[in-house]
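Undergrad: I'll drop the sequence and a predicted model, then ask my questions.
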Amino acid sequence: MEDNKLIKKIQPQSMDAHDKKTVREYLLGYLPEERSTTIDERLFVSEHFLAMIEQVEDEIIDEYLEESLSAADKLAVEEHFLQPAERRDKLRFAGMLRSQIQQNPPRSSD
């Protein structure tokens, strides 16, 4: 019975701006441990939620490379978000891709 309550609690009802904000706070390490645990559990039951996590990860990486994050968020990226090697790799790849595009902008076919 207790497991059913947990699954109902973490199944996605709708992915709205509030969910996206919560995911961002989770990725930056701002959520209390109890709420972070709930997010971790939700990752196992929702492919849609996992896709949202990946989308917000990409947005954070873009903002970091654009240097458009607040000082607090920049620090959170460096101290928390980039802990997993997979995210550090994504940041490196995005940085190299951005650099290549800036050095060799696409030519117009006109």
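TA: Okay, I see it. Small disclaimer: the values here were computed from a predicted structure and weren't measured.
Undergrad: Quick one: the helices in the chain, in order.
TA: Taking DSSP state H to define them, one finds helices in the chain at 2-10, 17-28, 33-43, 47-66, 71-76, 85-103.
Undergrad: among the ones you listed, which gets the worst mean confidence?
TA: Between these, the lowest average pLDDT goes to helix 2-10, which shows a mean of 40.
Undergrad: how about CSV for the helices of the chain, with mean neighbour count added?
TA: C-beta coordinates here come from the backbone N, C-alpha and C atoms, glycine included. Converted to CSV, the helices of the chain look like this (neighbours: other C-beta atoms under 10 Å):
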stretch, mean neighbour count
helix 2-10, 10
helix 17-28, 16
helix 33-43, 13
helix 47-66, 15
helix 71-76, 14
helix 85-103, 12
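Undergrad: Work out the gap between stretch 85-95 and the centre of the chain.
TA: 12 Å (C-alpha atoms, centre = their mean, to the nearest Å).
Undergrad: Output it as PDB, nothing but the C-alphas.
TA: This file holds the C-alpha atoms of stretch 85-95, laid out as PDB (Å, rounded to 0.1, in the frame of the first residue of the first chain):
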ATOM      1  CA  ALA A  85      31.400  13.300 -15.600                       C
ATOM      2  CA  GLU A  86      28.600  13.000 -18.100                       C
ATOM      3  CA  ARG A  87      27.600  16.600 -17.600                       C
ATOM      4  CA  ARG A  88      31.200  17.700 -17.800                       C
ATOM      5  CA  ASP A  89      31.500  15.900 -21.100                       C
ATOM      6  CA  LYS A  90      28.300  17.500 -22.400                       C
ATOM      7  CA  LEU A  91      29.700  21.000 -21.400                       C
ATOM      8  CA  ARG A  92      33.000  20.300 -23.100                       C
ATOM      9  CA  PHE A  93      31.300  19.100 -26.300                       C
ATOM     10  CA  ALA A  94      28.900  22.000 -26.300                       C
ATOM     11  CA  GLY A  95      31.800  24.400 -25.800                       C
END
